[in-house]
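J.: What shape does this take:
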Amino acid sequence: MMDADVKPVIDAAAAIVDAMKGGGKLLVFGNGGSASDAQHLASELVGRFERQRAGFAAIALTTDASVLTSVANDYGYEQVFARQVEALGRAGDVSMGITTSGASPNVLAAFEAARPRGVRTIALTGRDGGAAGRAADIHIEQLTYEARRMDHRGSVKYGRAAHTVEQCVDDGRIADIEGDEDSPISRGRLCPKGAATFQLVTGDHRLHHCLYRRPGGKEWEPIPLEKAMDLVAERVRDTRDRTWEQKDGKGKDVQRTLGIAHLGGATLDDEENYLLKKLYTALGIVQVENQARI
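T.: Okay, the predicted model is just below:
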């Protein structure tokens, strides 16, 4: 997947996550192979995709033969999804229409029915998205119109959306972190550093307090880690402001502070030291000594 078309997938996943956190649901639909895709996506969310967790509310509007045939008979095939959106959609829900051409009349009609009900719309299409892409709040566009490729690539993208939803909707916290599944090195699996970073944030063994000795004090006292971080940030900002030099003694523009210095980094890798160097440079700290200083 190219970087340019990652954002709509992320936006779509975020919309579904927001809906489900608010007690809403996903309504998904399409015709032919897209109907199968809709059912596949719903099954991944109601059942499971990659890990054990509570079921998510998702309904494929392509499965009830009685509803489909009765609505088609009474109102016409163009209304088979719209009528179900009218009946089932509630404000805060999300509807996803999958259409290779971007011009399926019943998908367009469903989007029309969704809008006045406060149901957000997502279009997964081929080509340039056509009318469906323009009508949807979020448009996930494929790189090809050819149906067999559209179906395959569409499956990849809604699979990624399902993955993102599954990782994020778990009592409001991130449940896992993964890399680029297209990477020939990791295939999306956690590298040791990624696993360690993840565990630093979520591990049961993480310390939530540290010892603090006040200026002039003789005793150590435990304080919450969040408070300690606030104290560090406040003192860095105060020292930087007090020692800031806009110009040196010769009038040269230097924009720096000599009141803060950094030394060390033997236990850190070059990537971490690089990020530290970027942070210090942004703060105007020039006295930096670590592996990434050059």
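
J.: My read is that Asp128 contacts Ser101, right?
T.: No: applying C-beta atoms under 8 Å, one finds Asp128 not in contact with Ser101, separated by 10.6 Å. Where you see a C-beta, it was placed from the backbone N, CA and C, and this is true even at glycine.

J.: packing partners for the helix or strand encompassing Val107?
T.: Assigned by DSSP states H and E, Val107 belongs to helix 105-114. Using 3 or more C-beta pairs under 8 Å, 6 or more residues apart in numbering; DSSP states H and E as the contact test, the elements touching helix 105-114 are strand 26-30, helix 82-88, strand 94-99, strand 120-125, helix 130-135.

J.: could those be laid out in a markdown table, adding mean pLDDT and distance to Glu221?
T.: Formatted as a markdown table, those follow (pLDDT from 0 to 100; distance: least, C-beta to C-beta, whole Å):
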| stretch | mean pLDDT | distance to Glu221 |
| --- | --- | --- |
| strand 26-30 | 96 | 50 |
| helix 82-88 | 97 | 57 |
| strand 94-99 | 95 | 49 |
| strand 120-125 | 94 | 49 |
| helix 130-135 | 92 | 59 |
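
J.: Just say which of the ones you listed is most tucked in.
T.: With neighbours defined as mean count of other C-beta atoms under 10 Å, those peak in mean count at strand 94-99, which reaches a mean of 30.

J.: now Gly133: how far from Tyr77?
T.: According to C-beta to C-beta, to the nearest Å, Gly133 stands 21 Å off from Tyr77.

J.: Helix or strand with the lowest mean pLDDT in this protein?
T.: None of the helices or strands of the chain scores lower by mean pLDDT, DSSP states H and E than helix 147-168, at a mean of 48.

J.: Under the pLDDT cut-off, which ranges of the stretch 101-250 of the chain? List them.
T.: Applying pLDDT under 70 to the stretch 101-250 of the chain picks out residues 143-203.

J.: That concludes my questions; thank you for your assistance.
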